[in-house]
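In: pasted the sequence and its predicted model underneath.
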Amino acid sequence: MSEPGRDEAATRLMLDFAARTGLTGDQPARRYLWTDAFAVCNLLGLGGGGGSASLRGLAVRLVEQVHHVLGRHRPDDPRTGWISGLSEEAGEAHPTRGGLRIGKPLPERGPDEPFDPELEWERDGQYYHYLTKWMHALDQWSRFTGDPSGNRQARELAVAAHAAFTYAPRAGGTRRMYWKMSIDLRRPLVPSMGHHDPLDGLVTYLQLRAGGGDPGDGPALAREVAEMAAIADRRDWVTDDPLGLGGLMTDAWRLDRLIRRGAGGEALLVPVLAAASRGAAAYLRQRQLERPLHDRLAFRELGLAIGLHAVARLDAAVREDPRPYEAMPAVRRHLEQLAEHLPQRGVIEAFWSRPEHRRADNWLAHHDINEVMLATTLAPTGYLSLSLVEPGESVDSHAAA
């Protein structure tokens, strides 16, 4: 499929998503934070440069709608207003200071309700890894538009999320993280730590600092970076989960952008690339991409395809200018190993682009997230374009990286 054809297919997917979830048309608003983070990036990328201004407008509208839906208490909750507890006026000015709800269909588990691992998947609350995706989307909003308010709101969200999700064990030692918190961020709902949450948090904090303007416009994140670096120190990031692998690959690309700007991340790049390389080899040895349709989850595989797009960009950047890594030969070695898997992008995209596969029950069960992440795979610029621009500039005046 040609680049114009890919953009056209991605645009159709995004316009259908906008109508189906109440961003356009007369359907009630149905917001879900993970999906909406990718959607904002897609709309920005498709509407950037020579794209449609109406798509850029939809991205701005989606940000506002997410804040007004997921930044406020649920309609079936006796609590009302902003989940941060701020006044209406203050909440409008700082919509992310209390975090953002996931957008799950069921209310969160009450303090006296027993934990049910199956039911918990359908219950509302806050996920740290969803919040980092929204931080990235807000930062991309600032990068694409030159409006610093997105980065400021992302940094305010980082402070709120970090304070709630990280904690010091009673016995002392390194801080740890909760995986899921209550809507008001006052109590953990799932106390275990997500495998890649510390890594995603640290890379995102560094990205937000690099994309910010005057520190007076928002938190500087010095404490958050230091504490998350301690949590992430010497952890093993290896996974054979395709969505997790895609995240590792994307984090490696983001680290390259930071390193080239002198914004940190040098100590992370080789461990992340090594984990991605080992994990990708293990996953593909299992021949998971040859399994029957009913045994596959599109959004997880599409996450891997997005990560492989990031690997292709990173490989091209290092080939063009290897100077930052002259003393780090392992970067080139792991990239060469990962680049061997780049053809799998096309395999995944082709499989999930087939109309009959997108009518299957396991596609429709996750319709919104599947279609938005397919759009990201077809047109990844909005999600992956981290141009080396100065704060306050927009990517429209620079070539997309």
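Out: Done, it's in.

In: next up, phi/psi of residue 110, please.
Out: Residue 110 has phi and psi values of phi -70, psi 160 when expressed as degrees, to the nearest 10.

In: can you give me the neighbour number for it?
Out: Residue neighbour count, defined by other CB atoms under 10 Å, stands at 9 for residue 110. Just so you know, the C-beta spots here come from the backbone N, C-alpha and C atoms, and that holds for glycine as well.

In: same check, this time on residue 175
Out: As a burial measure, the neighbour count of residue 175 was computed by other CB under 10 Å and equals 15.

In: so which bits of the one helix or strand residue 66 maps to are buried?
Out: Under the criterion DSSP states H and E, the helix or strand holding residue 66 is helix 53-70. Of the residues in helix 53-70, 55-56, 58-60, 62-63, 65-67, 69-70 count as buried by neighbour count, 16 or more other CB atoms under 10 Å.

In: now the helix or strand just after that helix, how far from the centre of its chain.
Out: Using DSSP H and E, the next helix or strand after helix 53-70 towards the C-terminus is helix 88-93. The chain centroid and the centroid of helix 88-93 are separated by 25 Å under CA atoms, centre = their mean, to the nearest Å.

In: swap in stretch 324-343?
Out: With CA atoms, centre = their mean as the basis, the distance from the averaged C-alpha position of stretch 324-343 to the chain average is 23 Å.

In: quick one on the thing from earlier: which strands or helices does the helix holding residue 66 pack on?
Out: Under the contact criterion of 3 or more CB pairs under 8 Å, 6 or more residues apart in numbering; DSSP states H and E, helix 53-70 touches helix 3-20, helix 33-47, helix 128-145.

In: now do 7 Å
Out: Packed against helix 53-70, as judged by 3 or more CB pairs under 7 Å, 6 or more residues apart in numbering; DSSP states H and E, are the following elements: helix 33-47.

In: contacts for the helix it packs on?
Out: Outside of helix 33-47, the residues that reach it under the criterion CB atoms under 7 Å, 6 or more residues apart in numbering are 7, 10-11, 14, 17, 53, 55-56, 58-59, 62-63, 66, 70, 100, 102-103, 130, 133-134, 136-137, 140-141, 144, 368-369, 372-373, 375-376, 379, 381-383, 385.

In: derive a ChimeraX selection command for the buried subset of these.
Out: Selection command for ChimeraX covering only the buried members of the contacts of helix 33-47, criterion 16+ other CB under 10 Å:
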select :7,10,11,14,17,55,56,58,59,62,63,66,70,100,102,103,130,133,134,136,137,140,141,144,368,369,372,373,375,376,379,381,382,383,385
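
In: and for the helix holding residue 66, what's in contact with it?
Out: 18, 23, 29, 31, 33, 36, 39-40, 43-44, 46-48, 95, 100-101, 103, 141.

In: below-threshold pLDDT in this structure: ranges please.
Out: 49-51, 213-216, 387-401 (pLDDT under 70).

In: what domains does the record give for it?
Out: When the chain is parsed with automatic domain parsing, its domains come out as 1-70, 97-110+119-235, 238-388.

In: measure the shortest one end to end?
Out: Going back to what we said before, that points to domain 1-70. Start to finish, the residues bounding domain 1-70 are 36 Å apart (CA to CA, to the nearest Å).

In: report the outermost residue of this structure with respect to its centre.
Out: Distance to the chain centre peaks in the chain at residue 171, reaching 32.8 Å (criterion: CA atoms, centre = their mean).

In: quick check, central residue of this structure?
Out: Among the residues of the chain, the one closest to the centroid is residue 133, at 2.8 Å (CA atoms, centre = their mean).

In: how close does that one sit to residue 294?
Out: 28 Å (CB to CB, to the nearest Å).

In: among the domains of the chain, which comes closest to residue 81?
Out: Smallest distance to residue 81 across the domains of the chain (CB to CB): 9.9 Å, for domain 97-110+119-235.

In: measure the closest one end to end?
Out: Using CA to CA, first and last residues of domain 97-110+119-235 are 29 Å apart.

In: got it, and stretch 176-186?
Out: Counting by CA to CA, you get 16 Å between the two ends of stretch 176-186.

In: buried residues, the longest helix seen in the chain. List them.
Out: For the chain, the helix that runs over the most residues, judged by DSSP state H, is helix 298-320. By neighbour count, and taking 16+ other CB under 10 Å as the criterion, the buried residues in helix 298-320 are 298-315, 317-318.

In: does anything pack onto the very next helix or strand once past that helix? Which helices or strands?
Out: Helices and strands here follow DSSP H and E; after helix 298-320, the next one along the chain is helix 329-339. With contacts taken as 3+ CB pairs under 7 Å, 6+ apart, helix 329-339 sits against helix 266-285, helix 298-320.

In: export those as JSON lines, with columns for distance to residue 232.
Out: Listed next are the helices and strands packed on helix 329-339 as JSON lines, based on distance: least, CB to CB, whole Å:
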{"stretch": "helix 266-285", "distance to residue 232": "7"}
{"stretch": "helix 298-320", "distance to residue 232": "19"}
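
In: so for residue 327, which of those sits nearest?
Out: Each of the helices and strands packed on helix 329-339 was scored for nearness to residue 327 using CB to CB, and the closest is helix 266-285 (9.8 Å).

In: buried set for that closest one?
Out: When neighbours are counted by 16+ other CB under 10 Å, the buried residues of helix 266-285 are found to be 268-280, 283-284.

In: check what contacts that helix and list those residues.
Out: Surrounding helix 266-285, the residues in contact under the criterion CB under 7 Å, 6+ apart are 237-240, 242, 245, 248-249, 251-252, 255-256, 259, 328, 330-331, 334-335, 337-338, 341, 344.
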